[in-house]
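> Requesting a structural model of the entry that follows:
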Amino acid sequence: MAEAARQIRIQDLKLVHHARAGHIGGDFSAIDILTTLYGAVLDISPDRVADPERDRFILSKGHVAGALYTTLAAFGFLPVAELATFLQPLSALNGHPNRTKVAGVEANTGPLGHGLPVAVGHALSAKLDASPRRTYVLVGDGELQEGSNWEAMMAASQHRLDRLTVIVDRNRLQQGATVKETNDLDPLHDKATAFGFAVAEVDGHDHGALLDVLAQVPVQPGRPTFVIAHTHKGHPISFMSDNVAWHHKVPGEAEYHQALTELEDKP
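Just a heads-up that it's a prediction; the model follows:
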């Protein structure tokens, strides 16, 4: 999976550079999580995007759509050549994912705090159907400052939605500042536990550690799962990593070539 993630980062770098827009810092912090999900966890494939028994994945932090599109392309859900249309007029690849335009997208997201409530609805539907399908949702840590997430978590706990997994991209940065400076989430582990979730913490760039947790849902029967994935914005690019400026910055020519060299030099 490490090689798949490296190739996805290269495609994402090219996508953002070509479009002259995107959220590459958050893309790069999330790509290892997405690669693990699509490469080894989710029961879904390009020929089963309408199968009612497929697993669901919802990208709640919809501004990192570029990471989702490049991952979907890597796993055959859309043509790699289509990535060149990102943010172009009439392209299906908008700045935020649209389920009516892109195969494999389960929900329209972008306004933060919406994806987790939608995921709870999917998980509750599966429980009412007595279906084994699982629902995974990726949220940003800054996004958890939105109260709608915590309302949804109360409902998930009340209904014992143990086929639901919330993954937090815990890169500690949001637009313009650190999460701690803006509205501190800590102690996040304790808060999620108090809301009735089984909580795990992992290195969000370690595919093996991610797989160990994400593949064993439910972690505790009767409880939804809350995975705090510790990541670095812009990982693994030397000048992007943990740098808040790269929330929405686009690499210039020199930065693009340096980043590409760093990615291509990785084993």
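> from here on, contacts and neighbour counts on C-alpha atoms
OK.
> Show me where the stretch 151-267 of the chain has its strands.
With strands called from DSSP state E, counting those that start in this stretch, the stretch 151-267 of the chain shows them at 164-170, 173-174, 177-178, 198-203, 225-230.
> what mean pLDDT does the fourth one have?
Confidence over strand 198-203 (mean pLDDT, whole number) is 98.
> Could I get the strands of the stretch 151-267 of the chain in a markdown table, plus columns for mean neighbour count and distance to residue 75?
A markdown table is the format used below for the strands of the stretch 151-267 of the chain (neighbours: other CA atoms under 10 Å; distance: least, CA to CA, whole Å):
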| stretch | mean neighbour count | distance to residue 75 |
| --- | --- | --- |
| strand 164-170 | 26 | 21 |
| strand 173-174 | 24 | 29 |
| strand 177-178 | 16 | 33 |
| strand 198-203 | 19 | 23 |
| strand 225-230 | 24 | 22 |
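> In TSV: these, plus distance to residue 18.
Converted to TSV, the strands of the stretch 151-267 of the chain look like this (distance: least, CA to CA, whole Å):
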stretch	distance to residue 18
strand 164-170	25
strand 173-174	24
strand 177-178	27
strand 198-203	31
strand 225-230	29
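> pLDDT weak spots in the stretch 151-267 of the chain?
266-267 (pLDDT under 70).
> tell me which residues of stretch 14-24 are tucked away?
Of all the residues in stretch 14-24, those buried under the rule 16 or more other CA atoms under 10 Å are 14, 15, 16, 17, 18, 21, 22, 23, 24.
> In TSV: those, plus distance to residue 205 and pLDDT.
Formatted as TSV, the buried residues of stretch 14-24 follow (distance: CA to CA, whole Å; pLDDT from 0 to 100):
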residue	distance to residue 205	pLDDT
14	21	98
15	21	97
16	21	98
17	23	97
18	26	96
21	24	96
22	21	96
23	18	97
24	16	97
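> quick one: which of these is nearest residue 139?
residue 23 (14.7 Å; CA to CA).
> quick one, phi/psi of the closest residue to that closest one other than its chain neighbours?
Nearest residue to residue 23 in three dimensions, chain neighbours excluded: residue 248, at 4.6 Å (CA to CA, 6 or more residues apart in numbering). Main-chain dihedrals, residue 248, degrees, to the nearest 10: phi -140, psi 20.
> do the same with residue 196
The phi/psi pair for residue 196 (degrees, to the nearest 10) is phi 90, psi 10.
> before we move on, what about residue 29?
phi -70, psi -20.
> Let me know whether it touches residue 237 as I believe.
No - using CA atoms under 8 Å, residue 29 is not in contact with residue 237, being 10.5 Å away.
> Same drill for the two, tell me which one is more crowded.
residue 29 (27 against 19; other CA atoms under 10 Å).
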